[in-house]
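A.B. asks: only the shape, not the letters, is given here:
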């Protein structure tokens, strides 16, 4: 029932996204960053998702991007991003998704990411692998960082920090490493899990950005850590997710080393 509810909740949010896509809707600005947006579609998608969850599991805790944390005395927590890639969505760019993860006693056990515009539904279950539209997926086998295809994102703050996002990006592209920027961390992580990208790194994410996607990479056979190389927690900002083979090399670059 937990997985069925996750699927239903993800689809409920995606249906809201589809119904408003390329239409007129209200847009507001958050405090952090001039282009850090929230739309009425984010709010409506979130409400639809929470309604499905609360109907099935009224006592489960929820952490969601727009409403914040809805605390409950429960071993379960749902971590929700009603639209990951809001800038893309508001500009009619179909690289955006609903991302939902389920945490049990502090450990991620389920994750779902649905991009309704590409008809791609990623699903991961702890210990049971990851799938794309029902078919098992796995990370790439690329062995050399210089030959890898990477993806990243840029935060709304401390973009010019020492050894920050621009510094790392500069080091990689000056060596000819292709580094993409899609605008949705959840999709970035799923595409690492599916072997489309060999690695992903980002300097500042929130739990709802990465909770489902990092489980996807892990279950697809990849490796996910923080910048210190420790086991990843979505409650801290730094992430490196790779096929596992190039992980140490990318970790070295992100921490100030050279290729």
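C.D. replies: Yes, it's here. Predicted model, so just to flag it, every value in this text is computed and none were measured.

A.B. asks: so residue 25 is in contact with residue 41, correct?
C.D. replies: Yes - between residue 25 and residue 41 there is a contact at 5.4 Å, judged by Cβ atoms under 8 Å. No exception for glycine: its C-beta is placed from N, CA and C like everyone else's.

A.B. asks: middle-most residue in the chain, spatially?
C.D. replies: residue 186 (2.2 Å; Cα atoms, centre = their mean).

A.B. asks: residues contacting that residue?
C.D. replies: 81, 84-85, 97, 99, 113, 209-210, 212-213 (Cβ atoms under 8 Å, 6 or more residues apart in numbering).

A.B. asks: what helix or strand does residue 209 sit in?
C.D. replies: helix 207-219 (DSSP states H and E).

A.B. asks: what about residue 25 and residue 41, which has more around it?
C.D. replies: A direct count of neighbours by other Cβ atoms under 10 Å for residue 25 and residue 41 places residue 41 higher, at 24 against 14.

A.B. asks: check contacts around the more buried one.
C.D. replies: Contacts of residue 41 by Cβ under 8 Å, 6+ apart are 16-17, 20, 25, 83, 89.

A.B. asks: who wins on neighbours among the residues you listed?
C.D. replies: Going by other Cβ under 10 Å, residue 83 tops these with 31 neighbours.

A.B. asks: quick one, what contacts it?
C.D. replies: If you count contacts by Cβ under 8 Å, 6+ apart, then residue 83 has 13, 17, 39, 41-42, 45, 89, 96-98 around it.

A.B. asks: am I right that it sits in a strand?
C.D. replies: Yes - in this structure, residue 83 lies within a strand as judged by DSSP: H, G, I helix; E, B strand; the rest coil.

A.B. asks: for residue 234, give its distance to residue 81.
C.D. replies: Separation of residue 234 from residue 81 (Cβ to Cβ, to the nearest Å): 11 Å.

A.B. asks: what stretches of the stretch 101-250 of the chain score poorly on pLDDT?
C.D. replies: For the stretch 101-250 of the chain, applying pLDDT under 70 flags the ranges 157-159.

A.B. asks: per-residue pLDDT of residue 31, please?
C.D. replies: pLDDT, residue 31: 57.

A.B. asks: mind listing what's buried along the helix holding residue 209?
C.D. replies: By 16 or more other Cβ atoms under 10 Å, the buried positions in helix 207-219 come out as 207-219.

A.B. asks: could you identify the helix or strand that succeeds that helix?
C.D. replies: Taking DSSP H and E, what comes next after helix 207-219 is strand 223-225.

A.B. asks: show me what the lengthiest helix in the chain is packed up against.
C.D. replies: Using DSSP state H, we find that the single longest helix of the chain is helix 2-20. Applying 3 or more Cβ pairs under 8 Å, 6 or more residues apart in numbering; DSSP states H and E, one finds that helix 2-20 makes contact with helix 40-56, strand 76-84, strand 97-104, strand 107-115, strand 120-125.

A.B. asks: got the contact list for the shortest one?
C.D. replies: Strand 120-125 is touched from outside by 3, 7, 10, 109-114, 130-133, 137, 190, 193-194, 212, 215-216, 218-220, with contacts defined as Cβ under 8 Å, 6+ apart.

A.B. asks: quick check on the residues you listed: which are buried?
C.D. replies: Counted by 16+ other Cβ under 10 Å, those give 7, 10, 109-114, 130-132, 137, 190, 193-194, 212, 215-216, 218-220 as buried.

A.B. asks: so for residue 71, what's the nearest residue that isn't a sequence neighbour?
C.D. replies: Take residue 71 and drop its neighbours on the chain: the residue closest to it by Cβ to Cβ, 6 or more residues apart in numbering is residue 61, 5.7 Å away.
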